[in-house]
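>>> Build me a model:
(one chain, ligands or ions: 1)
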Amino acid sequence: MKKILNYINGELVPPVKGKRLDNYNPSTGEVYSTLPDSDEEDVHSAVEAAKAAFPNWSALRKEERSALLMKISGLLEKRLEEFALAETIDNGKPLWLSRSVDIPRAVSNINFFATGALHYASEAHDMDGKAINYTLRSPIGIAGCISPWNLPLYLFTWKVAPALAMGNCVVAKPSEVTPMTAFMLSELCMEAGLPKGVLNIVHGLGGKAGTAIVTHPDIKAISFTGGTKTGAAIAATAAPMFKKISLELGGKNPVIIFGDCNWDEMMRTTINSSFTNQGEICLCGSRILVEKHSYDRFKNEFSEKTKKLKVGPPADETSKLGAIVSKQHYEKILSYIELAKHEGGKILCGGNAIKMGGKYGGGWYLEPTVIEGLPYNCRTNTEEIFGPVVTIMPFDTEEEALKIANGTEYGLTSMLWTENLTRAHKMAAQLRSGIVWINCWLLRDLRTPFGGVKNSGVGREGGWEAMRFFTEPKNVCIKL
Ligand code: NDP
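Numbers count the residues shown, from 1 in each chain. The predicted structure is shown next:
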């Protein structure tokens, strides 16, 4: 059984107290590896290593930092298949998805920020010839990066890469539920010759290792992606310590469909935006609003297509959906399906757990589920389920669609389907979310600001936003 180790000061080390946690393969329900159950002592060692590494790392020329990061991404690209398989075993997502999205995107994240740092320029402000101001942007020091289980290496590198590229040292914690690819990345960092202490990866529970990172006085910035409740707890701890925080949190994203849209394209994409990665993507659309005169057509076609989606072992190339990440999460999703029924919802398709045969008998599989007949403000329609479960609702007017779409405490992303350009622009401006996709979904340009409003988060990642987050600006004013 593979033993995952912490990566501290350039070495793979066991946790100080020797405690370990089980790591499950969701496709079989079996424990297949163990990971450190780290605590504040391990985080302390990681911070000491990062502090020692910071003077040299931050003083390196950006070209040298960039070259080292590119070496890591090059190694990752070479071992893409191995990492894709590891991600699939750890998370339960289909192998085709890890191979085509998760790992390639982790490579792109590193390449994007490693090269972006070479092009980064800070601002200058001329005061009509009286004085000139320029902004120095220095690395913050030690950044804490905490990432979730749904897109494990993808979101881990999305945080760690800009922090390192801008000259910070990092103490990072992947989700305890999916630690494997971050562990494998630490091996690549060693192979690439990343100086010791620059990146430290501490595995363990959020409430223990995660809390130790958030409360450590020498960690000056926290970049966190995860649930809204956890984000609130982190903010409550970090704010009085005057740490910089970036919080990418939950969503309950609306998909608004007008009858004039490109129907086939909308149908194909809405199936994907509902069920890709078992619906475990913060950007998935979970509330589908359909213009009333097209509602029945949508409901029938969408349910028929959903019924045909194959749920199966993640390594099977024909599985469209794999396993749910953990028993706990699987039970949570099932409890929401029960809640939906209790709230008066009608299950149009799905709604049940699936028992696979043979070695997959203990795995956690769910049917993709479509529900109708619920009020827009009930719990099923306002709380994040984060699984293969969507609701559909009819609407009459643009105003009504906006009221429903904006009617939750979340505001991460919205999807809008219409060929009416004026309506698209008008509604995009009124949707209360950090991202609006019109006639598409998950079309990502890494330069764009990424993040949510309301309870979906604070701050933005991506492009210059991430680089600004991981630097401290200082204005220098010179009188001429
Ligand atoms: P959690 O909030 O449970 O955990 C996220 C990470 O934080 C994990 O590494 C977790 O460790 C750690 N953590 C938990 N408690 C604490 C704590 N008190 N202090 C510090 N760290 C802590 O989220 P999930 O892993 O369940 O991820 C799913 C959530 O992430 C969903 O709500 C989803 O919407 C959101 N998400 C948001 C995205 C965005 O960009 N806005 C993108 C992807 C997901 P451990 O696993 O050990 O508990």
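>>> tell me which element the residue lying closest to Ala239 once chain neighbours are set aside falls in.
Counting by C-beta to C-beta, 6 or more residues apart in numbering, Ala239 lies nearest to Ile245, which is 7.3 Å off, once chain neighbours are set aside. Quick note: C-beta positions are derived from backbone N, CA and C, even for glycine. Here Ile245 is covered by strand 244-248, with elements defined by DSSP states H and E.
>>> Show the contacting residues for Cys282.
Residues in contact with Cys282 (C-beta atoms under 8 Å, 6 or more residues apart in numbering) are Asn150, Thr225, Glu248, Leu249, Gly250, Gly251, Phe386, Leu412.
>>> and those residues near the ligand, which?
Asn150, Thr225, Glu248, Leu249, Gly250, Gly251, Phe386, Leu412 (C-beta under 6 Å from any ligand atom).
>>> And the pLDDT at the nearest residue to Thr215 once chain neighbours are set aside?
Among residues not flanking Thr215 along the chain, Thr237 sits closest, at 5.8 Å (C-beta to C-beta, 6+ apart). Listed pLDDT for Thr237 reads 96.
>>> Now the element after whichever strand or helix holds Asp264, going C-ward?
For Asp264, the enclosing helix or strand under DSSP H and E is helix 263-275. Going down the chain from helix 263-275, the next helix or strand is strand 285-291, by DSSP H and E.
>>> after that next one comes which helix or strand?
Of the helices and strands lying after strand 285-291 in sequence (DSSP H and E), the nearest is helix 295-307.
>>> residues of whatever helix or strand comes next after that following helix that come out buried?
Per DSSP H and E, helix 295-307 leads on to helix 327-342 as the next helix or strand towards the C-terminus. For helix 327-342, the buried set under the neighbour-count rule, 16 or more other C-beta atoms under 10 Å, comprises His329, Tyr330, Ile333, Leu334, Tyr336, Ile337, Leu339, Ala340.
>>> export these to CSV and tack on distance to Ile371?
Converted to CSV, those look like this (distance: C-beta to C-beta, whole Å):
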residue, distance to Ile371
His329, 19
Tyr330, 18
Ile333, 12
Leu334, 13
Tyr336, 10
Ile337, 8
Leu339, 10
Ala340, 5
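>>> among the contacts of Cys282, which are in strands?
Those of the contacts of Cys282 mapping onto strands are Thr225, Glu248, per DSSP state E.
>>> would you turn the contacts of Cys282 into TSV with neighbour count and pLDDT?
Formatted as TSV, the contacts of Cys282 follow (neighbours: other C-beta atoms under 10 Å; pLDDT from 0 to 100):
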residue	neighbour count	pLDDT
Asn150	25	98
Thr225	25	98
Glu248	27	97
Leu249	28	97
Gly250	23	96
Gly251	29	97
Phe386	25	98
Leu412	25	98
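>>> Flag every residue of the stretch 1-150 of the chain that's near the ligand.
Ile146, Ser147, Pro148, Trp149, Asn150.
>>> Tell me, how many residues neighbour the fourth one?
It stands for Trp149. Trp149 has 21 neighbours, counted by other C-beta atoms under 10 Å.
>>> what about Glu398, how many residues close to it?
When neighbours are defined as other C-beta under 10 Å, Glu398 has 17 of them.
>>> now do the one 10 residues further on
Using other C-beta under 10 Å, Thr408 has 23 other residues around it.
>>> That one: helix or strand, and which one exactly?
Thr408 belongs to no helix or strand, assigned by DSSP H and E.
>>> And it, how far from the ligand?
13 Å (C-beta to the nearest ligand atom, to the nearest Å).
>>> any idea how far that residue is from Glu383?
8 Å (C-beta to C-beta, to the nearest Å).
>>> State the phi and psi torsions of Thr178.
Phi and psi for Thr178, reported as degrees, to the nearest 10, are phi -140, psi 70.
>>> oh, and call the first residue 38 from now on, that's how I've got it
I'll keep to 38 as the first residue from here, and by that count the last item is Thr215.
>>> just to revisit the earlier point, columns distance to Glu85 on top of the contacts of Cys319, output as TSV?
Shown next, in TSV, are the contacts of Cys319 (distance: C-beta to C-beta, whole Å):
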residue	distance to Glu85
Asn187	31
Thr262	26
Glu285	28
Leu286	30
Gly287	34
Gly288	37
Phe423	36
Leu449	36
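>>> buried residues in stretch 406-414?
Buried-residue list, stretch 406-414, by 16+ other C-beta under 10 Å: Thr406, Val407, Ile408, Glu409, Leu411, Tyr413.
>>> check which helix or strand covers the residue lying closest to His253 once chain neighbours are set aside.
Leaving out its chain neighbours, the residue that sits closest to His253 by C-beta to C-beta, 6+ apart is Val84, at 5.5 Å. Assigned by DSSP H and E, Val84 belongs to helix 77-96.
>>> What is that helix packed up against?
strand 43-45, strand 168-176, strand 179-183, strand 206-210, strand 236-238, helix 248-252 (3 or more C-beta pairs under 8 Å, 6 or more residues apart in numbering; DSSP states H and E).
>>> helices and strands around the third one, which ones?
Translated: strand 179-183. helix 77-96, helix 189-202, strand 206-210, helix 248-252, strand 258-262.
>>> If we use 10 Å, what do you get?
Counting contacts by 3 or more C-beta pairs under 10 Å, 6 or more residues apart in numbering; DSSP states H and E, strand 179-183 packs against helix 77-96, helix 189-202, strand 206-210, strand 236-238, helix 248-252, strand 258-262, helix 265-275, strand 281-285.
>>> partners of that strand in the sheet?
Neighbouring strands of strand 179-183 in its sheet, by DSSP bridges, are strand 206-210 (parallel), strand 258-262 (parallel).
>>> could I get those as TSV with distance to Glu509?
As requested, these are exported to TSV (distance: least, C-beta to C-beta, whole Å):
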stretch	distance to Glu509
strand 206-210	14
strand 258-262	9
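>>> among these, which is the most enclosed?
strand 206-210 (a mean of 28; mean count of other C-beta atoms under 10 Å).
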